[in-house]
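Visitor: Okay, sequence plus prediction incoming.
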Amino acid sequence: MNDTSISRAPTMALYTYLKVLRRQWWLIALVTALALGAAGLYVKTATPKYAASMKIVVGQGRSLFTADASGAFQPFTQTMTDLLQSQVVARQTIQKRNLKLSPESLLGNLSVTSNPDTSVLQVTYEDTNARRAAAVLSTIGSVFSLLVDTELARRPVATSPGAPAVAQSQPISATVFDPAHAVSGQVSPHVKRTLIIALVLGLLGGVLLAFLRDGLSGRIRTEEEATEAFGAQVIAQLPPGVIGTKPSQVPYLPGKLSTRVTESIKLLAATLRFSNGQRESGVIVVTSARPEDGKSTIVAQLSTVLARSGRSVVAVEADVHRPALHRLLDVESPALGLTDVLDGDVQLTDALVAVPTAEGAAALVPARGRGGRRPVVEPRDPADVRGDLQLLPSGHRSADASELFSLGASGELVAQLRALSDYVLIDTPPVLMSGDSFPLMQVADLVLVVCRQSHTSRDEARAVQARLKSLGVKSFSVVFTESSDAQRLNYGYSYAD
C-alpha cells in the first residue's frame, strides 16, 4: 500500500459515512422529530415546579469555625446536611405547616449542597407553588435551627465519621443567614433546555439507528458495495427511471430524465463496444440475482442503442417463464419463438421478428406481420444485415423448458445467431432461480449481471458469484441500476447515432 492510498483512506471513510447519512436522512429526521415531539408534549403537559432557596451557616456558638479547625469543615457540614434531611425535621415541618405530605415526599423535594471549604449549607425546596415553596423552606430553616440549639448545643458531637464524640468547647449553632426566598422562573420543566437536550439526543439516536439499519439491511446501496459483493467490476450505473421503460418511450420522458436514461445506456453500449480488446461483436448474456432488477429492460435498451449505432443485433427472450422483452420492444407476442427453434419445430430465421428502432413516434408502432400476427423475416446474407434489430421471442410455454436448453442445442443456436448479427443479447431468468440459462452462459462471450440498488442483497451477490464460478464463467461484469449516484451525474452530451 503506497502513501497515496494511506492518505486517501480517511477521506474515503468519511465519504462512506456521509453516503450512509444521505441514504438514511429520513430516519434521522424522523427520530429527531419524534424526540422533539415527545419533549414538547412533556413540556406542555408536565406540572411546572418552582423553587425557593436559603443559606444556613453552621459554626461554634454564633461565630464561624476558627482557622485551626478548617480541617473539620467537610465532615461537620456533611453531618449537618444529613441532620437537615432527617425525618425529624420533615415531620415537624409538616406538622407546623399542616401539609398533606409524607416525610418522604417532603424530603424528596428538598436538596442540600455544601462547599467542603466552607460551613455554609445551600438549601433549596421545590413545589408547584412558588409562595408555598418559600414558606415551607422557611419553616424547615426554623425547625432545623431550633433542633440544633436544643439538641446539639451542649452535647458532644463527632467531627468525622467513625470518630468518637468529643465535648465541644463552644455550643454548635445553625443560623439562617440568607432567608428563604423564591427563585425567579420555574425550575422544571425547563423549556429551552429540554428541547435542546431532545434535539441532541434525537440527532444522536437517529444517526446511530441510521448506521445500524444500513449495516443490518444487507442490501447493496453503492457501486463500491456492488463491486465488493460480486467480486466483479461495475461497468455502468443507470439512474432511476430506466427499469420498465421502453426504448420508444425514452424521448417522451421529462427532459432531464430522458437525457440521463439515454446517455447512461449509450455509455454502457460504448463500454461494451470499445473496452476489453475493441469488442465490436459477440454474444452477451444478461441475468440477475432476482426478478425485477431490470435485466429485460437493459437488453431492450441496449439492443436498440446498438442497432441505432449501425450494428446488427438479435435480442433473445430466453426468460421463457416470465417473458417481458417483447413488450419492452413493442412486439406482440408471436406464437413461435425460442422454444420452438430448440424443439426443432421451426427454423431460426422464421422465428425472428423485426423490431423498429427509429426514434420518435414511428417507434411506438408495434412490429406486425402478415394478418396482424407474426412478420415474415426473409433469410438474408449476414453481410447484408447491418443496423437492424430482430427479436427471437420466447415461443410457446413448455413444462419441460429446462430440457430444451442443453449445452449442445444452446451452442448450435448461438452459432447460428452469431452468423446473423454482430451482437446477440440474451435475456435469461435470474441465475439463482432457474437453470435454463446455464448452458447459454457457458457459450457466451460476456455475462452481465444486473444489480439493483437497495434491492439486491450482499448474500445474493455472493451466491451469484459462486454460481457463475461453478459454471466455468471466469469473468463477468455488473450493471448497477436505480443508482442514486447516476441520477446526480450531469449528463448533457449527445452523440450522433
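Guide: Great, that's in hand. Numbers count the residues shown, from 1 in each chain.
Visitor: Go through stretch 241-260 and flag the buried ones.
Guide: Residues of stretch 241-260 classed as buried: 241-243, 245-248, 250, 257-260 (neighbour count, 16 or more other Cβ atoms under 10 Å). Placement of C-beta: from N, CA and C, glycine included.
Visitor: Show the end-to-end separation of it, please.
Guide: 9 Å (Cα to Cα, to the nearest Å).
Visitor: what do you get for stretch 462-479?
Guide: With Cα to Cα as the measure, what separates the two termini of stretch 462-479 is 15 Å.
Visitor: So Leu443 sits against Ala409, correct?
Guide: Check again: residue 443 is Val, not Leu. No: using Cβ atoms under 8 Å as the test, Val443 is too far from Ala409 to be in contact (10.5 Å).
Visitor: OK, contacts around the residue lying closest to Asn109 once chain neighbours are set aside?
Guide: With Cβ to Cβ, 6 or more residues apart in numbering as the criterion, Asn109 has its nearest non-adjacent residue at 4.6 Å, and that residue is Glu126. Residues in contact with Glu126 (Cβ atoms under 8 Å, 6 or more residues apart in numbering) are 49-51, 109, 133, 187-188.
Visitor: shaky segments in this structure?
Guide: The model of the chain has pLDDT under 70 over residues 1-13, 15, 60-74, 153-171, 276-279, 359-387, 398-402, 487-497.
Visitor: just the strands in it please.
Guide: 50-60, 110-114, 120-127, 172-182, 234-237, 282-288, 313-317, 353-355, 389-392, 423-427, 446-452, 477-481 (DSSP state E).
Visitor: can I get these in CSV with distance to Leu147?
Guide: Putting these into CSV (distance: least, Cβ to Cβ, whole Å) gives the following:
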stretch, distance to Leu147
strand 50-60, 12
strand 110-114, 15
strand 120-127, 14
strand 172-182, 8
strand 234-237, 80
strand 282-288, 84
strand 313-317, 97
strand 353-355, 102
strand 389-392, 101
strand 423-427, 93
strand 446-452, 78
strand 477-481, 79
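Visitor: Scan this protein for its longest helix.
Guide: helix 191-217 (DSSP state H).
Visitor: Tell me which residues of that helix come out buried.
Guide: Buried residues in helix 191-217 (16+ other Cβ under 10 Å): 194-195, 198, 201-202, 205-207, 210, 214.
Visitor: so how far is it off the chain centroid?
Guide: 14 Å (Cα atoms, centre = their mean, to the nearest Å).
Visitor: Could you do stretch 290-308 as well?
Guide: On Cα atoms, centre = their mean, the centre of stretch 290-308 falls 28 Å from the chain's centre.
Visitor: please renumber so the chain begins at 456
Guide: OK, 456 is where the count begins now, so the last one is stretch 745-763.
Visitor: Between which two of the contacts of Glu581 is the distance greatest?
Guide: The most widely separated members of the contacts of Glu581 are Ala588 and Ser643, with 12.3 Å between them, by Cβ to Cβ.
Visitor: Those two: who's more crowded?
Guide: Ala588 (25 against 15; other Cβ atoms under 10 Å).
Visitor: Contact partners for that one?
Guide: Contacts of Ala588 by Cβ under 8 Å, 6+ apart are 505-507, 580-582, 637.
Visitor: hmm, try it at 6 Å
Guide: Ala588 is in contact with 505, 507, 580, 582, counting by Cβ atoms under 6 Å, 6 or more residues apart in numbering.
Visitor: before we move on, what about Thr534?
Guide: Counted by Cβ under 6 Å, 6+ apart, Thr534 has zero contacts.
Visitor: Same check on Tyr505?
Guide: Counting by Cβ under 6 Å, 6+ apart, Tyr505 has contacts 585, 588, 641.
Visitor: For burial, what's the neighbour tally of the nearest residue to it once chain neighbours are set aside?
Guide: Spatially, and ignoring its direct neighbours in sequence, Tyr505 is nearest to Ala585 (3.8 Å; Cβ to Cβ, 6+ apart). Using other Cβ under 10 Å, Ala585 has 21 neighbouring residues.
Visitor: From Ala813, how far out is Ala585?
Guide: 84 Å (Cβ to Cβ, to the nearest Å).
Visitor: Of the strands of the chain, which stretch is the most buried?
Guide: Stretch with highest mean neighbour count among the strands of the chain: strand 768-772 (a mean of 29; mean count of other Cβ atoms under 10 Å).
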